[in-house]
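Colleague: Okay, predicted coordinates and the sequence, questions at the end:
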Amino acid sequence: MNHFTLPAIRFGIVAAGMAGFTILNAQQHRHPNVVLIITDDQGYGDFGFTGNPHVRTPVLDNFARESIRFSNFYVCPVSAPTRAALMTGRYSLRTGVRDTYNGGAMMAASEVTIAELLKSTGYATGHFGKWHLGDNYPMRPVDQGFDESVMHLGGGMGQPGDFTTWPRRDSSYFDPVLWHNGKQEKYVGYCTDIFTSAAMDFIEENHKRPFFCYLAYNAPHTPLQVPQKYYDLYRDTDPAKGFENDSRPFPKMNDKNREDARRVYAMVANLDENIGKLLEKLDELDIADNTVVIFMTDNGPQQIRYNAGMRGLKSSVYRGGVRVPFWIRYPKWGRSDLDIRSTAANIDVFPTIADICNADVPAGIKLDGISLLPLIKGEEKEAPERTLFFYWTRHSPELYNNIALLKGKDKLVGQTGYNAAVGDFQLFDVEKDPYEQNNMIKEFPEKAAALKDELEKMFYDLAGSHNMIERPVIHAGTEYENPVYLNRNDADGQWGIWEQEEVFGFWRMNITEGHYNLRFKFIKALPPRGKMMVETGGFISQFTNENENTDLIEMKNVYLPSLKCDFVPFYLTGGKKIFPLYVEIEKME
């Protein structure tokens, strides 16, 4: 949440010498529309265009052929870090995002997002689908530059953090309660259809001015729920067949893997149909020629299936976890059906969009990404050589564990401990060995040692970032959000807080002085005569429950002074400390 008070500087490279490039009318096309589409857990292999003989993606296959394609495009191994880097042009650890839950998926409000940048340039901004960068003020989409937002909570629908859909389990993707501009609202239909419809409404309302539409689908993330008609397309498909003559590595699939793949492909077929509707809407409004459309995914597949031969899945720093499609279409460029092999990454999206849209980036922002526009225009043949950093471990980054550095064609991978020697690492040449099968660590120990030194420096630089030390906090008692709902996705404490009852958890909070009504919702009914305990900084408030068979405890008219503290609630009964599913904090005045 930023108001640009710093002197602004122009970001990017002035277009010059564009041989073969269509010269744009500077006034008419200075601020093109942007539609940024990202899907969730759709791997590189989940397209017909990338060689999958089973999945049906005619719209996206055709879109790829109409686009400029970055064939070596990288993201983070998991969702929230990818989205933080995408929104800011900075490595996720700089933004405070370090995990997918455990309180690690909250992006610092001081970060400047694509939406804030474009809004300052006169764009209408809309977000539809998954956010996963903080569900409370000041970290929600509506606090971070978006005029319009329809979203679910946490990392996914049907998860404990998204407490409005989680109780429905097997039907959580249908007729959900979502959050429209920060308020709960009931919707009818299948989630992918709902998010597409909301995005198209936003585009129609704003098509006579520049707009930025961020369409962040939650499919095909688990739970693998899909309308029956799409599943029927794959009911008799064997996703493991058809690769007998393929020389690339292919994973062994058991019956569950096969069924999961069928359901994923069904969800992808629905996605493909919905993206087709959105592209048709651009044609119908006669704005397709002046609209930049970007398609990408957030990480590799979660389940075992065809992944174009690459090693690793979601959460892995091997290419199967971090290499995804990145396709960008803008008819006014006059360039399409083109592959760019230069290495690019999610950190490049922010500066690229800024460059395309002639948006001034505030001075003083440390961007890790670069603008890809010179490559897109053909002004440069190759991107400058640089180093890309990858990591993911639960809760916080671990030195040398599931961590990697890519520099040119050389990739160093650590799957080891903090005191590991160079020989414990893996070294790959991703040009000669794109499937990462040949570890060259013994052949090039000096090269590996230099990369290890660089990896260590980047690790300590990023892990020591201001927003990793001063971690993002949720604000209560403000005019911007009241009541505040604290969900499990943003709760820190014991590792892996999910749907356990006896688990220690807390939320980092900044509380405005006042009287509050507190409501604590639990997963199961509580035994009577227990005590509801709330620790806030240096003191505790407690309440004895006399009700039987209740899963809701209310504490009314609780005075809280101005506090920056860990908000620690638990129900104390029979020596057990039971953590609530979610908490509602309502300021009375």
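Modeller: Yep, it's here.
Colleague: and the longest strand along the chain, which residues are buried?
Modeller: For the chain, the strand that runs over the most residues, judged by DSSP state E, is strand 514-526. By 16 or more other CB atoms under 10 Å, the buried positions in strand 514-526 come out as 516, 518-520, 522-523, 526. Backbone N, C-alpha and C define where each C-beta goes, glycine included.
Colleague: Which strands or helices does that strand pack on?
Modeller: For strand 514-526, the packing partners by 3 or more CB pairs under 8 Å, 6 or more residues apart in numbering; DSSP states H and E come out as strand 550-560, strand 563-573, strand 582-587.
Colleague: Adding mean neighbour count, distance to residue 352 and mean pLDDT, write these out as JSON lines.
Modeller: Below are those laid out as JSON lines (neighbours: other CB atoms under 10 Å; distance: least, CB to CB, whole Å; pLDDT from 0 to 100):
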{"stretch": "strand 550-560", "mean neighbour count": "15", "distance to residue 352": "45", "mean pLDDT": "97"}
{"stretch": "strand 563-573", "mean neighbour count": "19", "distance to residue 352": "37", "mean pLDDT": "97"}
{"stretch": "strand 582-587", "mean neighbour count": "20", "distance to residue 352": "38", "mean pLDDT": "98"}
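Colleague: List just the one of these that sits closest to residue 178.
Modeller: Residue 178 lies closest to strand 582-587 among the helices and strands packed on strand 514-526, at 15.8 Å (CB to CB).
Colleague: ok, residue 366 - how many residues close by?
Modeller: Here the count is done by other CB atoms under 10 Å, and residue 366 has 9 residues near it.
Colleague: right, and it touches residue 88 too?
Modeller: No: with contact taken as CB atoms under 8 Å, residue 366 and residue 88 are classed as non-touching, separated by 10.1 Å.
Colleague: list residues touching both of the two?
Modeller: Common neighbours of residue 366 and residue 88, counting by CB atoms under 8 Å, 6 or more residues apart in numbering, are residue 94.
Colleague: returning to what we had before: let me know the closest of the buried residues of strand 514-526 to residue 257.
Modeller: residue 523 (30.3 Å).
Colleague: From residue 579, how far off is that closest one?
Modeller: Remark: distance between residue 523 and residue 579 (CB to CB, to the nearest Å) = 9 Å.
Colleague: Need the overlap of contacts for those two.
Modeller: residue 501.
Colleague: Now residue 229: which helix or strand?
Modeller: helix 228-231 (DSSP states H and E).
Colleague: average pLDDT for the following helix or strand past that helix?
Modeller: Under the assignment DSSP H and E, the closest C-terminal helix or strand after helix 228-231 is helix 255-284. Averaged over helix 255-284, pLDDT sits at 98.
Colleague: Remind me what the following helix or strand past helix 255-284 packs against, helices and strands.
Modeller: Once the chain leaves helix 255-284, the next helix or strand it forms, by DSSP H and E, is strand 291-297. Where contact means 3+ CB pairs under 8 Å, 6+ apart, strand 291-297 is packed against strand 33-39, helix 58-65, helix 255-284, strand 326-329, helix 349-356.
Colleague: Identify each buried residue in the second one, please.
Modeller: To tie it back to what came earlier, the one meant is helix 58-65. Buried residues in helix 58-65 (16+ other CB under 10 Å): 59-60, 63-64.
Colleague: With stretch 226-246 instead?
Modeller: 226-227, 230-231, 233-234, 237, 239-240, 243.
Colleague: tell me the two of the residues you listed that are most distant?
Modeller: Spanning the widest gap among those are 227 and 243, at 28.2 Å by CB to CB.
Colleague: OK, contacts around residue 279?
Modeller: Going by CB under 8 Å, 6+ apart, residue 279 touches 59, 63, 288, 293.
Colleague: closest to residue 36 among those residues?
Modeller: Among those, residue 293 lies closest to residue 36 (CB to CB), at 8.2 Å.
Colleague: which residues does the closest one form a beta bridge with?
Modeller: In this structure, residue 293 bridges to residue 35, residue 329 when assessed by DSSP bridges.
Colleague: Tell me who's in contact with it.
Modeller: By CB under 8 Å, 6+ apart, the contact set of residue 293 is 34-35, 37, 63, 279, 282, 328-330.
Colleague: Quick check: residue 532 is in a strand.
Modeller: Yes: counting by DSSP: H, G, I helix; E, B strand; the rest coil, residue 532 is located in a strand.
Colleague: what's across from it in the sheet?
Modeller: According to DSSP bridges, the partner residues bridging residue 532 are residue 543, residue 571.
Colleague: Report pLDDT for it.
Modeller: The confidence metric pLDDT takes the value 98 at residue 532.
Colleague: residues in contact with it?
Modeller: Listed by CB under 8 Å, 6+ apart, the contact set of residue 532 reads 520, 542-545, 553, 555, 569, 571-572.
Colleague: How much space separates it from residue 545?
Modeller: 6 Å.
Colleague: Touching both of these two, which residues are there?
Modeller: Common neighbours of residue 532 and residue 545 (criterion: CB under 8 Å, 6+ apart): 553, 571.
Colleague: ok, the nearest residue to residue 187 once chain neighbours are set aside - how many residues close by?
Modeller: Nearest non-adjacent residue to residue 187, counting by CB to CB, 6 or more residues apart in numbering: residue 194, 5.0 Å away. Residues within reach of residue 194, counting by other CB under 10 Å, total 21.
Colleague: next one: phi and psi at residue 194?
Modeller: With angles defined as degrees, to the nearest 10, residue 194 sits at phi -60, psi -50.
Colleague: Give me the contact list for stretch 326-337.
Modeller: 20-22, 24, 29, 32, 63-70, 73, 288-296, 344, 356, 376-378.
Colleague: Can I get the helices and strands packed on strand 291-297 in a markdown table including distance to residue 458?
Modeller: As requested, these are exported to a markdown table (distance: least, CB to CB, whole Å):
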| stretch | distance to residue 458 |
| --- | --- |
| strand 33-39 | 25 |
| helix 58-65 | 32 |
| helix 255-284 | 34 |
| strand 326-329 | 23 |
| helix 349-356 | 19 |
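Colleague: Of all the ones you listed, which one is nearest residue 425?
Modeller: For residue 425, the closest of the helices and strands packed on strand 291-297 is strand 326-329, at 27.8 Å, according to CB to CB.
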